Every structure is written in C-alpha cells, then in structure tokens.
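Enquirer: Fold the following for me, if possible:
(3 chains)
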Amino acid sequence: MSETAIQAAAETPPASPMRGYWRSVFARLGRDPITLCFAVVVLAIVLAALAAPLIAPFDPYQQSIIGRLKPPGWRGHPLGTDELGRDLLSRLLYGGRISLLMGLAPVLIATLIGGTLGMIGGFAGRLANTAIMRTMDVFYAFPSVLLAVAISGAMGGGIGNGILSLSLVFTPAMCRIAETASAQVKHLDYIEAARASGASAARILRHHVLGNVLGPVLIYASSLVSVSILLASGLSFLGLGVQPPEPDWGLMLSTLRQSLYVDPLGCALPGIAIFTTSVCFNLLSDGVRRAMDVRA
Amino acid sequence: MSATPMSTALADPRDRGGPAQPMLIARGLRRYFRLKGRGQAVRAVDDVSFTVFKGETLGVVGESGCGKSTLARLLLHLLVPQAGEMVFDGDLVGAARGIGIAALRQQVQMVFQDSAASLNPRMPVRDSIAFGPLAAGQSRAAARQTAEALLQQVGLRPDLFGPRYPHELSGGQKQRVNIARALALGPRMVILDEAVSALDKSVEAQVLNLLRDLKRRLNLTYLFISHDLNVVRYISERVLVMYLGQVVELGPATAVFAAPRHPYTRALLASRLSMDADRRTLEPPLQGDPPSPIDAPSGCRFRTRCPCAEAVCASRAPPLGHWEDRASHIAACHMATQGSGHTLAGAG
Amino acid sequence: MLGFVIRRILFAIPIALGVSVVCFSLVYLAPGDPLQTVLPPDATAETIAIVRHAYGFDRPIPVQYLIWLWHVLQGDFGRSIATRRLVSLEVSGALANTAMLALFAAPLSFGLGAAMGAIAGWYPGRAIDRLVTGAAVIGVSLPNYWLGIVLVILFAVEFMVLPASGMGQSGSAAFSLWRWSDARFLVLPVLTLAMIPIGIIARSTRAAVAEVRGLDFVTTLRAIGLGEGAVLRHVLKNAAPPVLAVMGLQFGYLVGGSILVETVFTWPGSGFLLNKAIINRDIPVLQGTILALSLIFVATNLVVDLLQAALDPRIRRR
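Expert: Take a look at the predicted model:
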C-alpha cells in the first residue's frame, strides 16, 4: 500500500475507522484488562519454564538419600524435596517445559492437520467430504480421555506417543469446525468468481477460504490448550506420558502421591501448577473468543 | 495485459474466426439436479441451444427459477453440463483439439447478481480484482497495476477505493468493482447474471451506461441475464426468453418486444409496469407461480398457465422452430407453427 | 419421527463398526509382535508357530478382524492374559462399578450445574453471574485426579471421616449401597468425578438461558402479563435441548473417562481395569474394555439425539 493511498483513504469519510479484522481483534483485547492479566500470567509461566536452566536453584535430577521429602526451606530448598531428595522447585520449573510442550504441541498438530483436512473436506466434492468426515466421526465416537489412554496405552509411554495420541484426540473436533466454516463459503459468489478467473483450488483455499476458517479454528484451538494440558498431565499421572526420571507435573503428582500421608504439601504443589496454568489458559481463551466473536 | 482498450474487433489477435464466426454457440445444453433421497430431478436447464454473435448483447429473460443462473454457470463450466456442447469462436470447448476450460475462462468472464457476496469481505477490493491476474501468472506489481487501471475504467478512483473493504462501498460501487474484476483477465465476452437487478433504479442506470460504454471501448460481447424486461430491452440487440429450463422464444429485441410470438412472452410484457396509460394491454397477467420444475407438465410446459391451451398442448411439446440467422424470430408454441393442430395455429 | 429414529440408528451402525476397527487395530499399534504378550520369552520357533496358528495371527489382517468381530458379536472377547479369566466377565464386573459412580455423579452434577447455570443466565452481568461463571471455569480447569488427592488429604488424612480408596472390606461382590460402611467409599470418588461436568453444564446452561432470555418471544410473554415464574419456565423449556445434548455427552464422559478418578481412588471400575490392562500389556482386556466403553458412548449419543428430536421438532427434519 502506497503512502498516498493511505492518506487518501484517511481523508475520505471512513466507513469504519479500523481496517482489517485482526487489528480490531487486538484493539478489543487491549481494552479487556482482565484477559490481559491472565495473558501476563500465562506469559510468566511460559517464560519461567523456558528459563528453567537459568533460574532453577538446583539440578532437577540430583538425588539425595538423606534429603528425602524435606519441608520447604530445608538446606536452601525453597519448596523442599521430593521422595528421592530432588529439589521440588527446580523440578516444577523444569516440569513446566515438558508439561507445556505436551499441552501445546497436540493442539498445534491437531489445528494444522484437522484444520487443513476440514477446510479441504468442506470445500471438496461430496465423495472427499464423506471420506474425511465419516472417518473423523469414528474417532469422535470415543470419549477423549479413553481414546488418549487407549492409543498411548497400546503404543507405550513416552512424550512422543503422548503427543501423538492427544493430537489424534483433538483432530476430529477441529476438523468438524473447519469443515463447517469452509462449507459456509463454498457456494458464495466470490468463490465462484475466483473459480471463474481460472485460479487453482489450492489458490482459492489459501486466499479466499482460509480467512473464513481461521477465526473459528483459532478460537477453538485456544480453548483446547487448557484441556490438553489437563489430559497430558493425566496421561503422565497414569504412567503413560512422560517417563521417570524426567520432571513433569503429572508424573510428579503420581510419584508424590505415594508419600501422601508424610508430605501432603509436596503432593499438592504439582497439582497447583497444573491447575493455575489450566485456569489461566482457559480465561485467556475466553477473552480471545470474546474479542474475535464480535461481528463487525 | 488488456487494461488498455482495443480499438476494433479486427485488432484483437485472439479473434480467430473473423466477424462472421459467432462468439459462442451452445447446442443442447442440459443440467438436471438430482434431489436428495428422492428419485426425481430438477430440470434446471433442459436442451438449450443458442448463438451469441461477436459484439452483440444477447438478453436472457425469464422468471426467477427458470434456469437462467444455471445456464450462466454452465457456460463457464462452473457447473459441468450433463449433455450438449459449446463452440467458442470456432473451437469446441473441452475437446482435445478445441479450447480448454482454463483458456475459455480467460476469455469469458462473469458478473454475479449479489454484489456483496461476490467480493471476499476480508480482502481490499483492489486485491479482489488483482486475484485473477495473479492466478494467471502476472507479477504482483503488474496485477496491482492492472487492478488500478481497471478501477479507473469503471469510474472509481484507485487511490481512494482500491484499499477499501467491500463493506465500505455502496451497492453500485461494489458492482463496479465486480465488473472491474470480471474485466481483469481481459475477456472477450462477459456474462452478466442479474448484474444490475439488486441496485437502486438511479444507480442501475449509471451501471448500465457504464456497461454500454465498456462494451464499446473494449469491444466486448455480453450475455445479459435479467428478469427485468425494460433493462433487457434497453441494452440488448437480441432476446432469448426462458421458461422452466427451456427456450420458448428467441429473436431480435425489437421484434420480440413489438410482436411477441409466445404467450409467455406476451404475458411477461403485459405484467411489466408501464408508465404510459395509453399502452395498457388487455392481455391477462400471469397467474400464480410457475409449476415446479421437478415434475414439469407434459407437452408444452407453459400450458398450465396459458390462456390458449388446448388438447394438443398437453400431448406434444411444441418445437422451437427453425433458426437461420440473427434476424430469425422463433417461438416454441403450437400457435406459432402451421399445421400443429392448434385451432389458432398460424394466427399468432 | 419414526423415519428420523430409523435413519439415526442406521447412521450409528457404521460408526460402531468403525469403533470396532479402531479397537481391533490397537493390537497392531503396540510395538513388536502381538504374540510377545502371550509367549514366554524363551519359546522355541516351533511353539511360536503353533501359537501363531492357534491365535489366527497367520491369517491376513482383514480376516483376523472378521473372526474377531464374529466372536465379539457373540459376546466372546477372549481371555485375559494376566488372569486367564473371561474378558467379558472382567469387563462386565468392572462396568457395574463404574456405572455406580456415574449414576451418582450424573444427577449430582447435572442438577447442580443446571441450577447454577440457570441462575447465572437469568441475571447476566450481576454478581451471582460472575460468581457462577468463575466457579465454572475453576471446575473445568481443575485436574480431577489432583482434586481427588486433595480431598483425600482433607477428609481421609486430616479429618479422618471418609475412607481414602477402594470399596471397603466387603469388596466388589458384596458391596451394598444401603450400608453406610460401604456407601461411604463412594462419597469422595463421586464428588471428584462430578466436578468437571458441573463446570461444563453450568457454562452451557448459562449460555443457553441467557440467549433465550434475550429473544423477542420473552418480551411478548411479559407483555401479555405472565408472571416472572411462568416466563422462567418458558425460557428453561426453550433452553433445554442444547443443554440436554451437553448432558448426554457428559454422561458418556462420566462412564468412559473415569479412568483417572478410579485410579486415584483404586475404585475397581472399568477405568481401573483398563489401567491394569495397560500395565500388564493385557491386550484382550484392553480391547474389550475400550470397545465396551466406546459403544456405551455411541449409544448414549444416539439416545441423546433421539431425546433432543423428541423435544425439538426442528431437528427431525435434518
């Protein structure tokens, strides 16, 4: 856009002061202090996890036979130690990296795969649509926890398998949302006009359909992050996700549970971490939805 | 490439057949829509044939639901015809040695009725216009230039209107943008599907004049689809009347409007509002809605609403008659055919 | 209506078949030869061949699937590798225990969630709305396995008023709801299980009630002089179908998704059985449990769809 064009546009009595959808979304977000607060907390959690090697007071793997299950403050351990004498705060910080990874990666993968499949399925002919959507229906017919447990249970534990199974859990719902949005625009005249101009299907999808699909898909993805963090930690809690001795909130919860009667506080801490992260992502997502849902 | 107007038809290097070769010949086009869950089909376009000559405007009229829009989409292969063939400037469309669909779409473009729905709401209109040239392989800068030149041609200042989004434009401005978009690939023929129908009367006149002006400057050929007879009469040289997916009358505009030969055309003309109190007709206006195209009446499809229907109309479908050249005036009515068995045959 | 019922049931059949294909393929997701789970590590090549033939693993996979499906349709899920008991017996016993949890958690969470949501939706923007909305977010963000642990810390460790885990001395077979010494084992698992559905149902009820409350017909009802109580009844009736759909889905989750809560409380239900099967790599039990739970989920969805159609005539036409 040239300088003069912007000026000329600014001089005309503008029909709407804000140009472009995304700018107006960010403007609305900026006027929502509560959502911004939670965004800051989420950012802090993510930064703390990323900066774990810099700020963690101890090596999260360093065990100590004499220092097991010690209370906060014992020999400089701010939150005490776990059942193998490892520093709890350091493990919580390092655990955040894996827990966040396992929470975010499946949503990202499901958004990419499910979103693309759904967009194609909504735009394509009846045959491709049926093939894609009926397959998705089958996976949609499982309760999400059950499907995640079944797949990672069969494939065995590990971060990779956990991410894979959760991605598979989220893909069908994402696909349905993208399909609905894509099918909505499929028969609009501007798509026909684009076809008439000789553009390839891929080009039309990218320039004309994607814009319509992106909104609903991103709103849904943001609401999935919290679910994904809960489910991922749940898998690790069952011994299906992250494997010892890696630090992970769900896994810490499961191992510290054995010493429930001795050290109830230590047992509560990883849960508080999961809960806080999940609540903040949830409220952040609500704010994003409100900012994006307003019809201009 | 073609933002610059061509001076004459002969100067267009794409003109292969010369002025005598029709721009587009459609023969026996057919498209039925299968109804979900039932064995029936809607006969949206049923055995439609016609010819469009270079440089002319062929008007297509009919009530809503008669298959006009389906016909437009068939011509561009936005819908694939189930039968029939098309010849564009002497080349068979879709045939191995003829012209491909992609090449056809470079030369035939379309303007849609709903000016709002036919522009992507998330794109500045300049980008909407540049989309076709970009898809056709032009560079970003060239496509942008084409778009701005076209905005100028349709009477919108490029610097002012180019960066705007569709919701910031009026209906008439949007339709001007749509016309610019249709011209962006430098077509030789433009299909206007109810292109001015949704506009206010004053705006409609402006856009009609723009279309006439563009046609002369760019040497275009129009297929002008509308339900508004006054508009069709104003812009067309020849007129084609459709009823329930079929052609019922075809002829020069002056002849069709002065002496309609099909009772349906007569009824359409009679039901049109006239400002002139002396020109009121005694023809009965059309009664009721057209019958469902799912189970169209036997024989002549118009007989259920025709004031002159007789037994022969139910038993046999009237042929459209023999078409020879652009001066031919033909109608699919037993009354227009000598010896058809209708008591009024030859009288109309 | 009958046409809709038949169509909807016919639609569920391919879904159920698809679910069975997924369950069957779990064997092949497992790394290594599925035979490894049944064979001793020092088995000779000859033994392996015999066992392979006996289990039908030498046939093409589609044939194996059809044979498996045929057995499943007759209620034969095979035998547990760990206990050698019939899978069908193991699964049905565990399902009964899971159903007991779900049948208590469902009315608790549905009633509480709907009531909270209706109040919040009736007074949108007021303090009570904020309170309910906040509580609902907390409910859906709580890791319920952690909530279970916290409840155990509080009520079993600190106050020592409720048992921490299991089903009590009488065990699964003799468990009686009518004896407090048994029934008290239910309290904490049911509370824990109900937490997430309470949040979700409160949220969707609030949204539905708030939306219906703003519709024109409500103004009309007031204009013709109906009392607030009668208006509320009309609003709730119109807000019911979408909430009902959510409830149905949540009931499915209560049955199929209780694995975490059952593990926390060592409640011998289907989720606990599933967890054991995974630890023991007991593939027949794994398959059987997942198939049973997901088919229950499919059936629940079917029933909800039909109920919704019965309540809302617009849905039938789709």
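Enquirer: Residue A:100 is in contact with residue A:46, correct?
Expert: Yes. Residue A:46 lies in contact with residue A:100 (Cβ atoms under 8 Å); the separation is 6.4 Å. C-beta here means a position set from N, CA and C on the backbone, and glycine is covered the same way.
Enquirer: When the two are compared, which one has more neighbours?
Expert: Taking other Cβ atoms under 10 Å in any protein chain shown, residue A:46 and residue A:100 do not tie; residue A:100 has more neighbours (23 against 15).
Enquirer: That one falls within a strand, correct?
Expert: No. Under DSSP: H, G, I helix; E, B strand; the rest coil, residue A:100 falls outside any strand and is assigned helix.
Enquirer: give the contact list for it.
Expert: A:45-46, A:49, A:229, A:277 (Cβ atoms under 8 Å, 6 or more residues apart in numbering or on different chains).
Enquirer: tell me the helices in chain B, going along the chain?
Expert: For chain B, the helices defined by DSSP state H cover B:68-75, B:101-107, B:125-135, B:140-153, B:158-161, B:171-183, B:201-218, B:229-235, B:253-258, B:263-271, B:311-315.
Enquirer: hang on, isn't residue B:119 packed against residue B:166?
Expert: Yes. At 4.1 Å, residue B:119 counts as touching residue B:166 under the criterion of Cβ under 8 Å.
Enquirer: between the two, who's got more neighbours?
Expert: residue B:119 (27 against 22).
Enquirer: Now for the more buried one: which residues touch it?
Expert: Neighbour list for residue B:119: A:190, B:125, B:128, B:166, B:174, B:177-178, B:181 [criterion: Cβ under 8 Å, 6+ apart].
Enquirer: Isn't residue A:107 up against residue A:170?
Expert: Yes. In this structure, residue A:107 is within contact of residue A:170 by Cβ under 8 Å, at 6.3 Å.
Enquirer: Between those two, which is the more surrounded one?
Expert: Between residue A:107 and residue A:170, counting by other Cβ under 10 Å, residue A:170 is the more crowded of the two (27 against 24).
Enquirer: The more buried one sits in which helix or strand?
Expert: For residue A:170, the host element (DSSP states H and E) is helix A:159-186.
Enquirer: in that helix, what's buried?
Expert: Under the neighbour-count criterion of 16 or more other Cβ atoms under 10 Å in any protein chain shown, helix A:159-186 has A:159, A:161-179, A:181-183, A:185 buried.
Enquirer: on that earlier part again, any residues in contact with both of residue A:107 and residue A:170?
Expert: Common neighbours of residue A:107 and residue A:170 (Cβ under 8 Å, 6+ apart) are A:224, A:228.
Enquirer: Contact residues of the stretch 201-318 of chain C facing chain A?
Expert: C:252-253, C:255-257, C:259-260, C:263-264, C:274-275, C:277-279, C:283, C:286, C:290, C:293-294, C:297-298, C:301 (Cβ under 8 Å from any Cβ of the partner chain).
Enquirer: List only those of those residues flagged as buried.
Expert: Applying 16+ other Cβ under 10 Å to these flags C:252-253, C:255-257, C:259-260, C:263-264, C:274-275, C:277-278, C:283, C:286, C:290, C:293-294, C:297-298, C:301 as buried.
Enquirer: mind listing the helices for the stretch 101-250 of chain A?
Expert: Per DSSP state H, counting those that start in this stretch, the stretch 101-250 of chain A carries helices over the ranges A:126-140, A:144-155, A:159-186, A:189-196, A:201-204, A:210-237, A:249-256.
Enquirer: which helices and strands does the shortest one pack with?
Expert: Of the remaining helices and strands, those touching helix A:201-204 by 3 or more Cβ pairs under 8 Å, 6 or more residues apart in numbering or on different chains; DSSP states H and E are helix A:189-196.
Enquirer: Please work out the average pLDDT along the helix it packs on.
Expert: Helix A:189-196 comes out with an average pLDDT of 87.
Enquirer: circling back: redo the helices of chain B as a markdown table? Include mean neighbour count and distance to chain A.
Expert: Listed next are those as a markdown table, based on neighbours: other Cβ atoms under 10 Å in any protein chain shown; distance: least, Cβ to the nearest Cβ, whole Å:
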| stretch | mean neighbour count | distance to chain A |
| --- | --- | --- |
| helix B:68-75 | 23 | 7 |
| helix B:101-107 | 17 | 4 |
| helix B:125-135 | 25 | 3 |
| helix B:140-153 | 19 | 9 |
| helix B:158-161 | 20 | 4 |
| helix B:171-183 | 25 | 7 |
| helix B:201-218 | 16 | 17 |
| helix B:229-235 | 19 | 20 |
| helix B:253-258 | 17 | 27 |
| helix B:263-271 | 21 | 26 |
| helix B:311-315 | 16 | 37 |
